[in-house]
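Trainee: Please find the sequence and the predicted model below.
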Amino acid sequence: MEQWISESREYEELKTHPVSKPIISIDDCHVTVSCEQGSELVIFDDIQNPVKFGEYSAEGICDSISQKWQVDDGNGFNTYDRMIGICVDYSNLI
């Protein structure tokens, strides 16, 4: 993920802050993606649109028919083929 960000011109803001792997918990058909305290969660979908969750976790459930994740991003549930997440420490610069 870090290599992808470093090669992307669209996410200059993410290139200037330290990033780390999120904490991912999967229980049956439920997923939680979160960050350690002090970092903010950013989730990308398959077409690489970032959704900032901030200090909140992303909670999702699987749709067994479509084989996709239904994630509440604060504006209702959105569908993700896969969830690509990073944690960004906006308080520090690289």
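Mentor: Happy to help now that I have it. Fair warning: this is a prediction, and the values are worked out from it, not measured in the lab.
Trainee: List the contacts of the residue nearest the centre of the chain.
Mentor: For the chain, Ile43 is the residue whose C-alpha lies nearest the centre (Cα atoms, centre = their mean; 2.1 Å). Contacts for Ile43 (Cβ atoms under 8 Å, 6 or more residues apart in numbering) come out as 33, 50-51, 53, 58, 71, 73, 80, 83-85. (C-beta placed from N, C-alpha, C; glycine too.)
Trainee: mind redoing it with 6 Å?
Mentor: 51, 58, 83, 85 (Cβ atoms under 6 Å, 6 or more residues apart in numbering).
Trainee: excluding its backbone neighbours, what's nearest the last one?
Mentor: Meaning Gly85. What sits nearest to Gly85 in space, not counting adjacent residues and going by Cβ to Cβ, 6 or more residues apart in numbering, is Pro22, at 4.2 Å.
Trainee: Just confirm that neighbour contacts Val88, I think it does.
Mentor: No: with contact defined as Cβ atoms under 6 Å, Pro22 does not reach Val88; the gap is 10.2 Å.
Trainee: And the residue lying farthest from the centre of the chain, what's its pLDDT?
Mentor: No residue in the chain sits farther from the centre than Ile65, which is 23.0 Å out by Cα atoms, centre = their mean. What the model reports for Ile65 is a pLDDT of 90.
Trainee: Just say helix, strand or coil for it.
Mentor: Secondary structure assignment for Ile65 (DSSP: H, G, I helix; E, B strand; the rest coil): coil.
Trainee: which residues sit in contact with the closest residue to Ser39 other than its chain neighbours?
Mentor: With sequence-adjacent residues excluded and distances taken as Cβ to Cβ, 6+ apart, Ser39 is closest to Cys87, at 3.8 Å. With contact set as Cβ under 6 Å, 6+ apart, Cys87 has these partners: 20, 22, 35, 39, 41.
Trainee: Give the buried residues for stretch 77-94.
Mentor: 78, 80, 83-89 (16 or more other Cβ atoms under 10 Å).
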